[in-house]
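**Student:** A predicted structure for the sequence below; I have some questions about it.
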Amino acid sequence: MITLNSVAELRQQVAQWRNEGERVALVPTMGNLHSGHIALVKRATELADRVVVSIFVNPMQFGEGEDFGSYPRTLQEDGDKLEAVKTDLLFAPAMDEVYPDTRLAQTRVEVPGISDILCGASRPGHFVGVATVVCKLFNMVQPDIAMFGEKDYQQLMVIRRMTADLSIPVMIYGLATVREEDGLAMSSRNGYLTKEERSQAPSLYRTLQLIAVALQTGDKDFTGLQAQANADQKMVKQVQRFTGRDIAAMMDYTSRLSPPKDKVAEIGWRNPDFPKYARHSLPRQMHNRPERPERPKRPDWAR
């Protein structure tokens, strides 16, 4: 496996592969790799001749008070995992390689509408940071295919919209969420969970499964389903927290989204208390269940 840190060296290597007629896939990550990331890499090796994995903890997608400083950085271990699955190139740029003029003066990419709902409402500016760094990585690597997990489903939709709107010739491929045996979605932040919190976290997915079954069997009582979801998630077990309020797990929102319209359907609810307490409670857990599999389509101009 080749490990590179500069855009110039990266482009030189990718250009060599292209001159040999090889197809290139990119798997963008922030590191601290788990089995979900490795599944993306393995699928990428089936779709392309060469696989590039990027590791960069992007400050622009972290908000005030979030965990940019403490986000796990495990480059050596990540490199070992990537080499074991025959990754061709690890691109691990330094901060000034990605943001040479500091991120305060950085041109930003915004995908309006879809970036402002759901997780975007709780994390203003987050998806601007995601879209900006992914756009930069696409320009740096210039891949044929880019791989993303469906765990961050809103992120996947933001990137697909950005790629289409900016006519970027990259096929976006979404891979189903990889889960632990108890249903918890694999995440680099799961390591933050205490033993108590870890035992509670899978309840989110169990609630989602129950609602999905109800929807698939024709239940249109969205208000009732929303109430059921909220009741299932109300303080699984009382834990005293910073504010003096008992908080163990707090639901931010429940929504049913109908892509590609990027509009929230009737089952929509947001917890008005969440912004006040979220920074002092559990690490954020995102769970989703697509109602039908996504089939990536490559535009005619990108063929």
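**Tutor:** Sure thing, it's come through. Since the model is a prediction, treat every value here as computed from it, not as a measurement.
**Student:** tell me the strands in this structure, going along the chain?
**Tutor:** Applying DSSP state E to the chain gives strands spanning 2-4, 24-29, 50-55, 89-91, 145-149, 171-175, 253-257, 264-270.
**Student:** buried sites along stretch 28-46?
**Tutor:** For stretch 28-46, the neighbour count (16 or more other CB atoms under 10 Å) marks 28-34, 36-45 as buried. In this view, the C-beta of every residue, glycine as well, is placed from N, C-alpha and C.
**Student:** actually stretch 195-213, not the one I wrote
**Tutor:** Glu197, Arg198, Gln200, Ala201, Pro202, Ser203, Leu204, Tyr205, Thr207, Leu208, Ile211, Ala212.
**Student:** farthest-separated two in these?
**Tutor:** Using CB to CB, the two most remote members of the buried residues of stretch 195-213 are Glu197 and Ala212, lying 23.9 Å apart.
**Student:** Give me the residue at the spatial middle of this protein.
**Tutor:** The centre of the chain sits closest to Asp152, judged by CA atoms, centre = their mean, with a distance of 3.5 Å.
**Student:** State the distance from that one to Glu83.
**Tutor:** Distance from Asp152 to Glu83, counting by CB to CB, to the nearest Å: 25 Å.
**Student:** where exactly do the helices run in this protein?
**Tutor:** 7-19, 35-47, 75-84, 95-98, 119-122, 126-141, 153-165, 195-200, 203-216, 222-233, 274-277 (DSSP state H).
**Student:** Of all these, which one comes closest to Glu64?
**Tutor:** helix 126-141 (11.4 Å).
**Student:** average pLDDT across that closest one?
**Tutor:** For helix 126-141, the mean per-residue pLDDT is 98.
**Student:** Same question for stretch 211-223.
**Tutor:** The model assigns stretch 211-223 a mean pLDDT of 84.
**Student:** try stretch 172-191
**Tutor:** Mean predicted lDDT for stretch 172-191 stands at 88.
**Student:** let's have the chain start at 27 instead
**Tutor:** Taking 27 as the first residue, the last one we looked at is stretch 198-217.
**Student:** In it, which residues are buried?
**Tutor:** Buried residues in stretch 198-217 (16+ other CB under 10 Å): 198-201, 203-206, 209-214, 216.
**Student:** Closest one of those to Leu116?
**Tutor:** When those are compared against Leu116 (criterion: CB to CB), the nearest one is Ser214, at 16.6 Å.
**Student:** gap between the closest one and Phe153?
**Tutor:** 18 Å.
**Student:** ok, now Pro119?
**Tutor:** Distance from Pro119 to Phe153, by CB to CB: 21 Å.
**Student:** Which one's more surrounded, those two?
**Tutor:** Set side by side, Pro119 and Phe153 show more neighbours around Phe153, with 27 against 19, by other CB atoms under 10 Å.
**Student:** Isn't the more buried one up against Gln181?
**Tutor:** Yes. The pair Phe153 and Gln181 qualifies as a contact (CB atoms under 8 Å) at a distance of 7.1 Å.
**Student:** what's the weakest-modelled helix or strand in the protein?
**Tutor:** helix 300-303 (a mean of 37; mean pLDDT, DSSP states H and E).
**Student:** re earlier: in TSV: the helices of the chain, plus distance to Thr133.
**Tutor:** Formatted as TSV, the helices of the chain follow (distance: least, CB to CB, whole Å):
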stretch	distance to Thr133
helix 33-45	16
helix 61-73	28
helix 101-110	27
helix 121-124	12
helix 145-148	20
helix 152-167	8
helix 179-191	14
helix 221-226	39
helix 229-242	36
helix 248-259	39
helix 300-303	29
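**Student:** And the residue lying closest to Ile198 once chain neighbours are set aside, how far from Gln226?
**Tutor:** In space, and not counting its chain neighbours, Ile198 is closest to Arg186: 5.0 Å by CB to CB, 6 or more residues apart in numbering. Arg186 sits 32 Å away from Gln226, taking CB to CB as the criterion.
**Student:** do Val204 as well
**Tutor:** 20 Å.
**Student:** No more questions from me, cheers.
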